[in-house]
Every structure is written in structure tokens, then in C-alpha cells.
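>>> no sequence on this one, just coordinates:
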């Protein structure tokens, strides 16, 4: 490596070692610290603003209902079940309305526009991300269905032999 | 056969514990026989794990559903090809696979160093043996690979259709090779700390291991991205999912390590930093596994919560405490005699590169763990999604890319301003011209404009360096340009291999930047219906249904693609149903879409058959993703560059022997 590099690097290298090295080393170290501080500060700033801009709160259905209008315009991530019989699907225009509910039996109307996952049907566990509008309707930008993991299904049946 | 596999693992546990104890004892007392015995034990362990792996493979191929793992991940319909991938499709199999790779690497290292590094080797074996003992424990206690079913089921549950993709053959092994590979430089770093041989011998000895691991981690990540792109069917390749992040973090720190070791070799600086970085990288590989197995953070890849997560958590803590402790203990020996000469030096640019890579790793960690962190601090679970990562990582990534271009233009130690100006002149002229041309072509938003401009800069910086080298070689008139070029590359494999990798990196950035111009459109169509996006028009032509297997239903749509009024081909996306049932015949049908991708160097037309509706209509989602192909080409380039810089080099060997004596 050393000899390999020298043909390239040699013309640009000046004063290896020598008297002023220590002094320049110190000021170099200072400059390096300043540079490092700038980089660290910039990354910290990016992280901070990033969290501010894109944080989305985990809430249950009953929590959102309890919050009332305080919850509107807040980025939320809601988990719950699809209330049976509430699905209204406009296939041609890819629009979907349904109600999401949880154990408390409270429910929130959800509106979603886009491709509906295949697994989506009554009583299935869903995760929706989006915002609650002033009218109390949750406008979802993301709709995920979680299927019962096959890992669990397998576990139920086997016992250690 | 199953019993053989099972007992092999049990004996393996004993052997790995034996190797751990004896290697450490041998290291402390210097008893040759003990050290040899520990090395033989590692070979025996590899044999045992191999036997066990073979037993599992036999079980997978012979439909032995008495084994829970075989039942869970295969069924009678599964083709021979995917039976192999079932080996690492689930937790138990992947632990065995992991252990097998570690065993293989350990034997390799022992053979490689049969007559070298004799002081370091006992500790190296010790670290590897402890790691193996941990995996052996997992495979015997919380996650027994050959666990039986109480009743013999007539058929298996089947392999997740998502995993039935050729990409799954390469993605997990590549990732594991990368993960496990980093255990080797880590083991050598710890050995260097224990013995106090803290020069660059451990670094030079493991240089190829580091590049090898880095290469496979890179490929593992990119193959995963490719798999997500062609199989998951959401139109993208990277979603900042916790599991993706888990393998991205060690990649970032590993990349930092790859660069910072050069400073220790050149200048004998950064000793503490390097041992810390490799420890961090190793810790992050364990952390990644912990994250996916513990169910701590929900993810699409999650293996389901299991006690294995707890074991990994404990192992993680032990590793952190152990490596921190050893480094702290040796801190006095790690003091560097040298310091930086100038801020205008290649060392400084390497250090800034390191800082940014670590910052990037921290940002990814923060974003991934944010639901937990916010719950601990604020009592509220807050999640940050892809927008966070894109917002934070784009500037860091561009900064790093910029350094890739600046670095080779600055000399080691101390560059003079005039020389640096001279080095920058040509690349800067090319860059300014290029950036104006980009503007002229309509690239006017800051992010893509900056990104492409930096790509031009880095490319021109690397090419200028190569041209300069070729000119210098051919100056005497002895070599023509072509032979000068090949000699230059061949005689400096490490340096030019690095440049080839950097060119690959530029290509991947071109691919990433293309996503800025992504477009998509959804439509619900009856046969004859059209969907238009950009200058493409797709006409839904027909729908074919078939049932190739008992458990599989396939629906294939055919769409005519026209571009600018000209017919260019057909898209045939599929919407399939897999019926995976358990013993009682229960189970929901699982849909799996097969996307259709019409790919060119300029852009991909990506067609998803999203849904087949009751009224006979079909829902399609069409994406136009510019420049995605550059990502895959870039990854091949990076692989080529890594191999090039790993290629055996006589000159390097001679220099090493001259420095450290022939061994």
C-alpha cells in the first residue's frame, strides 16, 4: 500500500515530520474538533426536526374517542378491528369507508382511498395511519391488515415431545 | 437421522464449551497442547454442525413432517428448489445455518493461521468458541431445531408464498455471511487487546475478512431490496422497516471501520477508535438479530416473539460489557503516538467520513427505536416512518458521497493549498459544466440536482485520478495507455478496488435519486379499459385463471403496453392465492401478487395486479420508477470492486512480511 500510493500521493505531500509538526498538529486538532462539532450538530438537528415533522402517535380507538376534538389534525396510528357490517366499498373509484373498533366497543369512522389489501374484511385486525378530521372522520393514508401469524398457528398444535 | 442431528447439537454444545475453556486456559498458560486441542475442538464442532445441517436438509427433502420445523415451512407441493430455502426461512433453521457458517469460518481462520499469529490465535478461538457456545445453547434449549410434533400430520403447513422467490435463495445467506463474517475481525481485535499486540497486525490479518463481510452485508442488503422490489409489490425497494434498519446499521459502522483502519495502517492513529468500531459493528449484528427475534419492535419480517429474543438480549448485554471492559482495561496501551498533521489531509477527510457514517447509524438507530425511546421518556409511543429517515438520511448520504469525491484529491498527512487547488481544478470544471447541463435538462429541484451534481463530481474526481496515474505510467514511453491502465489497476488492487466500489456507490445514488421522480397511478378496469401514466398507455386485455397445484390459484392479467403511441410489449402481473392449511384444515388463503416489471436503463414500468373484484373488474396500480436499474448495476460494481481489492497480492504479502517478519 505504501509504495503503491507513493507514486500518486508524493507530489502533494509536503514536510513529513520536522519542527512545526507539533504546533500544526494542535491547530489541526482544533480545526478537526470544530468540523466534528458542526457535523454532529447538523445530524442532531436533522434528527430533531425529522422527529418533529414525521412523528405519529400510537393511540387506541377509545383513547381517540375520549380525546374528542383535541385529537384532530394530529398524526395518529390506530390499531383496531373492522366493525362487522360497516364496510362500504366503492370499487370503481377505489374509495373505502368503514368503522374501526376495539374492545371498548367505541368506534371511529375511517375513510381510505387506494388499493384495499386482499385480507381486508369484517373483524380483521387493521392498522391505520392518518389524521382525524374536524368532522370526526379518520382519513387514513395507510391501511395495513395484520394476519394471524402462521408461527403462532403452528405453535398451538405442537408440544415438546 | 433426526436423532443424529439432535445429538450432534447436544454434543456440539459440550464441545463448544470445552473449546471456550481450553482456549482461554491455553492462552493464559501458553500451553501449546491446550491451544491445539481448542483448535481441533473447533474443527470437531464444525463437523457436528454440518452433520446436524445435513440431517435437517434430509428431513426437509423427505417430507418428514414429524419435525415441527419441516411441518411449519414446507408441504408436499413445494418444489425442490424452495426446500433448500426453507432451511433458513424460519428461526430454528436460520440459527443452525448461522452456526454452520460460523463453524466454517472458524476452521478457515484456524487453518489460515496454523503457523501465524500464534499469540493472537488462542484468544481468537476463545471469542469464536463463546459465540458458537451461545448458538449451541439456543439450538438445544429455547429453540430446538429437531423438535417433534406430537401427532404426525399428513402434510406440511407450507412455505410463505412471499418467500417463494429466487431472491430468497441468495438474500439470507448473503446477509448471514456478512453478519457472521464480522465476528472474525472482532475476534482478532479482542485478541489484540488481550495480548497487547495493538499494532496493525490484527488489522492487516483480517483485512480480507473485513472486505469479505462488508461485501456480503452490502449484497445482502441490496438483494433484500431487490427481493422487496420484485416480490412484495408495493413499488419500492426500501421501506425503512426495523429489520432493514437492523442490517443497515452494522453496514454503516462496518463501512466506517473499512475506512478508518487505513489510518491506523498509515499513521498508527485511531487505535481505540478502530477496536471500538469493530466491536460496535459486531454488537450491531447481534442487536439486529435481537431486534427481529424479540418482538420488541413490530416489523413485517418479525419471526414472532419468542424466548430466543431474551437470550439474544442477554448475549447482547454481555458482549457490550465485555468489549467495553476490555477496551477500557487496555486504554493506556491504545494511546497513539501520532496526531493529525493538518485538517487538509486525507486522514481528516476519512475521519469526517467516519463521523458521518456513525451519525447516520445513530440516526437510523434513533428512528428505529423511537417508539421505545419516546415511551420511556415521554410515556407516549410515537413512531417515525419513512419520511423521517428520508429527511435525515438524504443530507447525510449526500455529504458522504461528496467526501468520496474530495478524499482522493487530498494528499495524506498534509496537503498544500496550491496542490489541492490543482487537483480539484479539472473535476470542478467538469462538475460545474455537468450541473449546468442538468439544470438545462430540467433537473431544477434542489435535492436531485445536488445529488446528480455530486455524482458528476465524484465520477470526475475518480476518473481524473485514474487518468493521472495512467499518464504517469506511460510517460516514459515504455507502456502504452492500455497496458499502463491495467498495470496501474493490477499493481494497486486495494486502491483501485476501492475506486471501483465508489463508482458502484455513485450508481446506487443515481438509482436512489431517480425515486424523486417516481409516479404512480391506480385504476379499476374492465377488459378493454385503459390506464395512462407519463407517456405510457396500458390496455387491460384479458384475464387467465388456472390452478396449477392443489394449494395454489393463479390469475394472470395481460395488459398491452404502448409508449408514445407505439406498442412495446405486454405486462402480465399475477394475483395469486395460496391456501396454507394446518392439520385441521384451517387457515386463511394468503394472497400474493407477482408484479410485472418492464425495465430499461431509464426507468421501470412496474405493474401490480392489486385486486380482483366481485363485479369482474380488476384493480391495477402502475408505477413509473426512473433509474432503478442503476441500483442493481451499482451493487454488481461494488461486488466487483470488493473482489478486486481482495485478490491475493504478492507485493502486499512481501511488504507485510518485511514489516512484521516472515512467519
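Everything's here; your move. Bear in mind that the values here come from a model prediction, so they are computed numbers and not experimental data.

>>> how's the chain carved up into domains?
You didn't pick a chain, so chain A it is. For chain A, whose domains are defined here by automatic domain parsing, the residue ranges read A:20-52, A:57-145.

>>> oops, I was thinking of chain B
Segmentation of chain B into domains, based on automatic domain parsing, reads B:1-159, B:163-366, B:390-516+B:635-641, B:518-630.

>>> and the end-to-end length of the last one?
Meaning domain B:518-630. Using C-alpha to C-alpha, to the nearest Å, the gap from the first to the last residue of domain B:518-630 comes to 15 Å.

>>> so how far is that domain off the chain centroid?
Shown here is domain B:518-630, whose average C-alpha point lies 30 Å from the average C-alpha point of the whole chain (C-alpha atoms, centre = their mean, to the nearest Å).

>>> sketch out the low-pLDDT regions of chain B for me.
Flagging of chain B using pLDDT under 70 yields the residue ranges B:294-306, B:581-588, B:659-663.

>>> can you tell me the centre-most residue of it?
For chain B, the residue lying nearest the average C-alpha position, counting by C-alpha atoms, centre = their mean, turns out to be residue B:217 (2.5 Å).

>>> does that one touch residue B:252 like I think?
No - with contact taken as C-beta atoms under 8 Å, residue B:217 and residue B:252 are classed as non-touching, separated by 10.0 Å. All C-beta atoms are positioned from the backbone trio N, CA, C, and that covers glycine.

>>> shared neighbours, these two?
Any residue near both residue B:217 and residue B:252 by C-beta atoms under 8 Å, 6 or more residues apart in numbering or on different chains counts here, and not one turns up.

>>> in contact with whichever residue of the stretch 451-600 of chain B sits closest to chain A, which residues?
Residue of the stretch 451-600 of chain B nearest chain A, by C-beta to the nearest C-beta: residue B:591 (3.8 Å). Listed by C-beta under 8 Å, 6+ apart, the contact partners of residue B:591 are A:118-119, B:575-578.

>>> what's the local residue count around residue B:521?
A count of neighbours around residue B:521, defined by other C-beta atoms under 10 Å in any protein chain shown, yields 15.

>>> with adjacent residues omitted, what lies nearest to it?
Using C-beta to C-beta, 6 or more residues apart in numbering or on different chains and skipping the chain neighbours, the partner closest in space to residue B:521 is residue B:533 (4.6 Å).

>>> confidence score at residue A:91?
Residue A:91 is assigned a pLDDT of 80 by the prediction.

>>> how close does it get to chain B?
Spatial separation of residue A:91 from chain B under the definition C-beta to the nearest C-beta, to the nearest Å is 5 Å.

>>> quick one, phi/psi of the closest residue to residue A:74 other than its chain neighbours?
Leaving aside its chain neighbours, residue A:74 sits nearest to residue A:57 (6.3 Å; criterion: C-beta to C-beta, 6+ apart). In terms of degrees, to the nearest 10, the main-chain angles of residue A:57 are phi -90, psi 130.

>>> and residue A:57, how many neighbours?
Residue A:57 has 17 neighbouring residues, counting by other C-beta under 10 Å.

>>> my guess is it meets residue B:381, correct?
Yes - under the contact definition of C-beta under 8 Å, residue A:57 touches residue B:381, with a separation of 7.3 Å.

>>> picking up where we left off before, partners of the residue nearest to residue B:521 in the sheet?
When bridges are taken as DSSP bridges, the partners of residue B:533 come out as residue B:536.

>>> returning to that earlier point: which of the contacts of residue B:591 has the largest number of neighbours?
For the contacts of residue B:591, the largest number of neighbours (other C-beta under 10 Å) sits with residue B:575, at 25 neighbours.

>>> can you confirm it is in a strand?
Yes - Residue B:575: assigned to a strand according to DSSP: H, G, I helix; E, B strand; the rest coil.

>>> show me the contacts for it.
B:555, B:557, B:591, B:593-594, B:609-612, B:618.

>>> residue B:208: which of these is nearest?
Here the nearest of those to residue B:208, counting by C-beta to C-beta, is residue B:594; it sits at 39.4 Å.

>>> strands along chain B, start to end?
Using DSSP state E, the strands of chain B run over B:382-384, B:519-525, B:530-533, B:536-549, B:552-563, B:566-571, B:574-579, B:589-594, B:596-599, B:603-612, B:618-626.

>>> out of the domains of chain B, which gets nearest to residue A:85?
domain B:518-630 (16.7 Å).

>>> for the closest residue to residue B:600 other than its chain neighbours, what are its contacts?
Residue nearest to residue B:600 in three dimensions, not counting chain neighbours: residue B:629, with 7.2 Å by C-beta to C-beta, 6+ apart. Going by C-beta under 8 Å, 6+ apart, residue B:629 touches B:511, B:599-601, B:604.

>>> alright, I will stop here.
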